[in-house]
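# Any chance you could fold what I've pasted below:
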Amino acid sequence: MPSRLPQRTRTYRNHHLNSTHWDRIKLREDDIVISTSLKTGTTWMQRIVSLLVLGPGPLPGSLAMLSPWIDSRFWLNADAMAALAEGQTHRRFFKSHLPLDALPYDPSLKYIYVGRDGRDVFMSFVNHWAAYTDFIYDRLNSGDEFCGEPLARCPDDIHQVFRDWVSRGSFPWEQDGYPFWSHLYHAQSFWAFRHLENLYFVHFNDLKADLEGEMRRLAAFLEIEVAEKLWPSLADGATFDTMKKEADALIPETEIGFKGGGKTFINKGTNGRWRDVLTTDELAEYDAAVRRTLEPTCARWLEHGSAAGDPKVL
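Have a look, this model is predicted:
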């Protein structure tokens, strides 16, 4: 019988990732792990959790410092990452781009998975990659922890990017996501354990449709009590417009990493742009990739969010 608890069986190392950084993190029983594949609302969820943990108003530091991306290999090395995490005195909420089978699992921790339609992820991903500066490429393709092939510049032809992204994996067990990592494998890794009480599923569509309602549900999951009078300011602090305005303070590191800085990093926050870009054949390729990797219930939820049903009972 397969284990009913997640097992850490994968190691991710490439130009962006080094999953072994987690070996150095001394976990605390109230830690929160925010795990997304890429461009599903990662920074949005970090900001939401920061508001629930730290309250409204200006943050005492950047999101990257308050909510470190533990498996990033190009930002801090393993020693520096562990020291940063160990020195934090607030309730910690870590960022990760790893699937569940590459993360340490502890029943006392809270895990937040954020889902989004893969076609919308692709459109946001292209914008993200194309905005990388020379500084980012230098960091990604060098250093003591560098592993694998260098990351090339983003091609100008979006259809070329899509062909690779939908049909090639960067790791032997993945079949899409090149040259980064798989959005679909990541989703299925969490979906297989959706019965666990300490795993929380939230969808990009639902955050857009009812931000305050989703924040209230998340606060209940995290066992954070919020005074009723604070909800208007908390919800306003997590809107896309507010985050765009506050981008320079929230994510100042993007000023040197992305063309246009934080306002490029926090781009449009919209869905459906792929309809005017991807061809009928490309959409068929995407559907085939979904069938290869996802259970049908997972595929429906990833496309529609709560409109497809509750992940816990699907």
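# where does residue 58 land in three-state SS?
Following DSSP: H, G, I helix; E, B strand; the rest coil, residue 58 is assigned to coil.
# Tell me the pLDDT of the residue nearest the centre of the chain.
By CA atoms, centre = their mean, the chain has its centre lying nearest to residue 36, at 2.6 Å. Note on residue 36: pLDDT of 97.
# do the same with residue 240
In this model, residue 240 carries a pLDDT of 87.
# How about the contacts made by the nearest residue to residue 191 once chain neighbours are set aside?
Sequence neighbours aside, residue 298 is the residue nearest to residue 191 in space, at 4.1 Å (criterion: CB to CB, 6 or more residues apart in numbering). Any C-beta I mention is one placed from the backbone N, CA and C, and that applies to glycine too. If a contact means CB atoms under 8 Å, 6 or more residues apart in numbering, then residue 298 has 187, 188, 191 as its contacts.
# helix or strand for residue 298, which one?
Per DSSP states H and E: residue 298 is located in helix 296-304.
# Pull out the buried positions in that helix.
298, 299, 300, 301, 302, 303 (16 or more other CB atoms under 10 Å).
# Extract the CA atoms of that helix and return them as CSV.
Presented in CSV, the C-alpha positions along helix 296-304 are these (Å, rounded to 0.1, in the frame of the first residue of the first chain):
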residue,chain,number,x,y,z
PRO,A,296,-9.2,14.1,-13.8
THR,A,297,-10.4,15.6,-10.5
CYS,A,298,-7.1,17.5,-10.1
ALA,A,299,-7.2,18.7,-13.7
ARG,A,300,-10.8,20.1,-13.2
TRP,A,301,-9.9,21.8,-10.0
LEU,A,302,-6.6,23.3,-11.4
GLU,A,303,-8.6,24.8,-14.3
HIS,A,304,-11.7,26.0,-12.4
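# avg pLDDT for that helix?
98.
# give me the low-pLDDT residue ranges for this protein?
Filtered on pLDDT under 70, the chain yields the residue ranges 1-3, 261-269.
# again, 80 this time
Scanning the chain for pLDDT under 80 picks out the ranges 1-3, 252-255, 260-270.
# picking that back up, buried only: go through the contacts of residue 298 for me.
Buried, going by 16+ other CB under 10 Å: 187, 188, 191, out of the contacts of residue 298.
# my guess is the second one meets residue 293, correct?
Meaning residue 188. Yes. Residue 188 lies in contact with residue 293 (CB atoms under 8 Å); the separation is 5.6 Å.
# Surely residue 111 is in a strand?
Yes. Residue 111: assigned to a strand according to three-state DSSP.
# can you list the residues that contact the helix or strand hosting residue 94?
Under the criterion of DSSP H and E, residue 94 resides in strand 93-96. Contacts to strand 93-96, defined as CB under 8 Å, 6+ apart, come from residues 25, 31-36, 42, 46, 49-50, 53, 66-71, 85, 103.
# try it again with 6 Å
Strand 93-96 has contacts (CB atoms under 6 Å, 6 or more residues apart in numbering) with 32, 33, 34, 35, 46, 49, 67, 69, 70, 71.
# count of neighbours near the fourth one?
For residue 35, the neighbour count with other CB atoms under 10 Å is 25.
# What ranges does the stretch 101-250 of the chain have for its helices?
Under the criterion DSSP state H, counting those that start in this stretch, helices of the stretch 101-250 of the chain are mapped to 118-130, 134-140, 158-167, 183-191, 204-209, 211-222, 231-237, 240-245, 247-250.
# Which one of those helices lies nearest to residue 289?
helix 158-167 (5.2 Å; CB to CB).
# The closest one: which residues count as buried?
Neighbour counts over helix 158-167 (16+ other CB under 10 Å) mark 158, 161, 162, 165, 166, 167 as buried.
# Looking at those, spot the one nearest residue 148.
Relative to residue 148, the closest of the buried residues of helix 158-167 is residue 165; by CB to CB it sits at 17.0 Å.
# residues touching that closest one, list them.
So residue 165 contacts nothing (CB under 6 Å, 6+ apart).
# Distance check, it against residue 125.
Using CB to CB, to the nearest Å, residue 165 is found at 7 Å from residue 125.
# Next: residue 162.
10 Å.
# Report the separation between the residue nearest to residue 191 and residue 122.
Distance of residue 298 to residue 122, given as CB to CB: 18 Å.
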